Structure formats: C-alpha cells, structure tokens
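Asks: Predicted model and sequence below, questions to follow.
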Amino acid sequence: MELYYVKIIETLVVITLYILLRRVVFNIVSKTLLRKLIHKSRGIVIRKVLNLLLATICGIFILVIWGVKQSDLLVFLGSILAVVGVAFFAQWSLLSNITSSIIIFFNHPVKLNDSIIILEGKDYVLEGVVVNIGLFFVTLRTTDLSEITLPNNIFIQKSIKNITQNFNEN
C-alpha cells in the first residue's frame, strides 16, 4: 500500500511541475507577443503547440512512474513516431513551415506593421508592410495595396532589410 502512496506523490509532483512549467512558458509567450506586437491569435497557436509538447512529456513521466516498462513505452513511441514521420515526410513543407513559424515568433526581428524589403536577387526585391505572420505564411502588403504571401520557411531564409527599424533608430 505504501508503494501506491509514493507513486501518487510522485504523480502529483509531476503534475505540479507541469502546471508551473506551463505557466512559465505561457508567460514567456505573452511577453514575446507584447514585445514583438504579434497578433494574439498567433500566440494561441504557439501556446497549443507548446502545451501539447509539455503534456506529452508529463504523460511519459507519469507512465514511467506507474510502472510501464521503458521498453514497451519506447516501442509504442517508436511506432507513433514512425507513423508521424511518414506523414510529415509526405508533407515536409508543412513541418518546415511550422518550425519556421516558431523560430520567427521567438527570434526574428520583423514584427507586424514593419516596412521591409526582401532581397531576392540583384535585380528583384519585394517591398511591403508585414500585415500577418501566421503559422504557415507571412503576408506583405505592397505599395500598390496588393498582398504577397511567403511561406515561413522561405521567409526565414531570405535577406531582409527592415526599413521601420532603421527609421526608428534615427
């Protein structure tokens, strides 16, 4: 009977750590939203992805605490990852765009309403204002009021000149 008490206490500790870590991560996301002036709906998507990741890790720890054999757990996770891997390989650009989206959210200096120039080559540039940074695409509004949509994985690879940032520094 004492064995179950220890497992219950360990489970409660893992759940408490999950809740605390989730709160810390959500606060970081909220601060990033405010600092980069990103649309709130974007934060919802990032929170869902990070919450799923944290919940999965928490679930694995709880399964280990309650005696699921690590070899059985690894076989199950390996099977799941194989199926997901095949699905993502078929949709490689989907995974690439989601990963790029998270990188843009946390580390990219461009934010909403910034005027930018994307240097495509010597003779071709894209110029516009960032009107949306989504999970898969970044949307620019050009000077002639048309919209250009760039996949996040392409956007993150391009050389970008931020006109707004240069203007505000002067």
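Replies: Yes, it's here.
Asks: burial of Arg23, as a residue count?
Replies: With neighbours defined by other C-beta atoms under 10 Å, the count for Arg23 comes to 10. Bear in mind the C-beta positions are built from the backbone N, C-alpha and C, glycine included.
Asks: err, Asp144, not the other one
Replies: Asp144 has 6 nearby residues by other C-beta under 10 Å.
Asks: Repeat that for Ser101.
Replies: 26.
Asks: Could you do the one 4 residues further on as well?
Replies: The burial metric for Phe105, expressed as a neighbour count using other C-beta under 10 Å, is 21.
Asks: swap in Ile117?
Replies: Using other C-beta under 10 Å, Ile117 is surrounded by 14 other residues.
Asks: Next: the one 4 residues further on.
Replies: Residues near Gly121, counting by other C-beta under 10 Å, number 6.
Asks: Could you do Thr139 as well?
Replies: Thr139: 15 surrounding residues under other C-beta under 10 Å.
Asks: same thing with Leu53?
Replies: Residues near Leu53, counting by other C-beta under 10 Å: 11.
Asks: Would you agree it falls within a strand?
Replies: No. With DSSP: H, G, I helix; E, B strand; the rest coil as the criterion, Leu53 is located in helix rather than a strand.
Asks: And it, how close does it get to Gly128?
Replies: As for Leu53, its distance to Gly128 is 33 Å (criterion: C-beta to C-beta, to the nearest Å).
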